[in-house]
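Engineer: Need a 3D model of the sequence below.
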Amino acid sequence: MERQNFSVEFLENEEEYGVFFQSLSTVDSSSCAAISKKDRVINSMFGGMVYFNDALVTTENMNITSITNTMTQYPNSVVSLQIIPTRYEESEKASIMQVNSMLEYYIGELRRLHGMMPLDAGTQTLSDAFRYYLSAFNDNNAYYNFMVFSPKNSIDTLCNKLIGIIEDETAKTSNALEIVEIIENKLSICDYFEVAPWVNSNILIYSEREHSFWDSKNAPKNMMRLRYLMTLGEIRTVFKFPNEGAVLNIAVD
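Structural biologist: As a prediction, this is how the structure comes out:
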C-alpha cells in the first residue's frame, strides 16, 4: 500500500479523530452527488405500471487506479463509501413476487403461442430485473451511500470514474447506474459525521427522489428502497486496494 502512496489508519483516540476531522474540514463540498441504480418505470405488457431497476453486472477488474489517479488532479475532493447492513422487508418481497408472478404468466403465454422464440428487449430486461431481486432475497444486503464531494467542475468526472470501478461496461445492462446530484439537501462531508451513514441513506432514499412520481397516489412505495440496495457480493467490487488485486474482507456467505 505505501508503495502506491496509500495508507490505512485506525482512529483510536480523540486526538487522532480530531486530526482526521480537521483534514476533512478542508474538503470543498460546494457540490455533492451520489451513485445510484436508475429508477425505471414502464407500462407493463400485462397491464399496469411496473417500477424496477436494471440488474447490475459488476466488473471483475480489481484495478481502481482510474479513480485514485483522477483524485490526485482534484485536491480537496472526497469519495465517500458508506454501507449499512439491511435485508429485504416482507412488503418488498410481496410486491416483487406479485409482479414476478404476473411476468412469468405473461412469458408462459408467449411461449405457448409463439414457441421458444427470443423475448423482446423490454420483456427480457424486466425478467432479468425481477430474477435478480428474487436471487438477492437470499443474499446479505446493505444500503450503499456512494457519494462524491468536490467542486462543481470535477463532480461528474469523479462520479463517472466511480461508476467505472463498479459496473461491467461490456454488459448489456451497462447503464444500470447513474449520477444523482444532491440538490434539495445542502450536504458537507463534515455534517453529523458520527451518524452520517444513516442520515445520508435517508436523504438519498426519501428526499432526493422524483417527487412527482413518488408522491403520487399509485406510486409503488414498497419498492422505494430498492434503488439503494446492493448485495454484499456487489459491494465488494468497490472496496478494493489499489493495484494489488486484493479485496477488503467483507463476508458474503
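
Engineer: For the helix or strand bottoming out on mean pLDDT in the chain, name the packing helices and strands.
Structural biologist: Ranking every helix and strand in the chain by mean pLDDT, DSSP states H and E puts helix 65-71 at the bottom, with a mean of 84. Counting contacts by 3 or more CB pairs under 8 Å, 6 or more residues apart in numbering; DSSP states H and E, helix 65-71 is packed against helix 155-164. The way it works is simple: take the backbone N, C-alpha and C, and place the C-beta from them, glycine included.

Engineer: just to revisit the earlier point, following the chain onward from the least confident helix or strand of the chain, which element is next?
Structural biologist: As assigned by DSSP states H and E, the chain's next helix or strand after helix 65-71 is strand 78-86.

Engineer: low-confidence ranges in this protein?
Structural biologist: Across the chain, the ranges flagged by pLDDT under 70 are 1-6, 62, 171-174, 240-253.

Engineer: Can you give me the buried ones in stretch 129-143?
Structural biologist: Going by neighbour count (16 or more other CB atoms under 10 Å), the buried part of stretch 129-143 is 129, 130, 132, 133, 136, 139, 140, 141, 142, 143.

Engineer: now do the same end-to-end measure for that stretch.
Structural biologist: For stretch 129-143, the first and last residues are 18 Å from each other (CA to CA, to the nearest Å).

Engineer: Provide the contact partners of it at residue level.
Structural biologist: Identification of contacts with stretch 129-143 by CB atoms under 8 Å, 6 or more residues apart in numbering yields 40, 52-56, 83-88, 93, 96-97, 99-100, 103, 197, 201, 205, 225-226, 228-233, 235, 251-253.

Engineer: Now do the helices in the stretch 51-200 of the chain.
Structural biologist: 65-71, 90-114, 121-136, 155-164, 196-202 (DSSP state H, counting those that start in this stretch).

Engineer: Pick the most deeply packed of the ones you listed.
Structural biologist: Each of those was scored by mean neighbour count; the highest is helix 155-164, a mean of 20, by mean count of other CB atoms under 10 Å.

Engineer: what's that one packed up against?
Structural biologist: Helix 155-164 sits against strand 31-37, helix 65-71, strand 141-150, strand 177-181, with contacts defined as 3+ CB pairs under 8 Å, 6+ apart.

Engineer: Relative to residue 215, which of those is closest?
Structural biologist: Residue 215 lies closest, by CB to CB, to one member of the helices and strands packed on helix 155-164: strand 177-181, at 17.5 Å.

Engineer: who does the closest one pair up with?
Structural biologist: Strand pairing for strand 177-181, determined by DSSP bridges: strand 31-37 (antiparallel).

Engineer: moving C-terminal of the partner strand, what's the next helix or strand?
Structural biologist: By DSSP H and E, the next helix or strand past strand 31-37 is strand 40-43.

Engineer: how close does the residue positioned nearest the centre of the chain get to residue 210?
Structural biologist: The centroid of the chain falls nearest to residue 36 when counting by CA atoms, centre = their mean (4.0 Å). From residue 36 across to residue 210, the span is 12 Å (CB to CB, to the nearest Å).

Engineer: so the residue nearest to the centre of the chain sits right up against residue 228, yeah?
Structural biologist: Yes: with contact defined as CB atoms under 8 Å, residue 36 counts as touching residue 228 (6.1 Å).

Engineer: shared neighbours, the two?
Structural biologist: Common contacts of residue 36 and residue 228, defined by CB under 8 Å, 6+ apart, comprise residue 204.

Engineer: Now the buried members of the contacts of stretch 129-143.
Structural biologist: Neighbour counting by 16+ other CB under 10 Å classes 52-56, 83, 88, 96, 99-100, 103, 197, 201, 205, 225-226, 228-232, 235 among the contacts of stretch 129-143 as buried.

Engineer: Cool, thanks, signing off.
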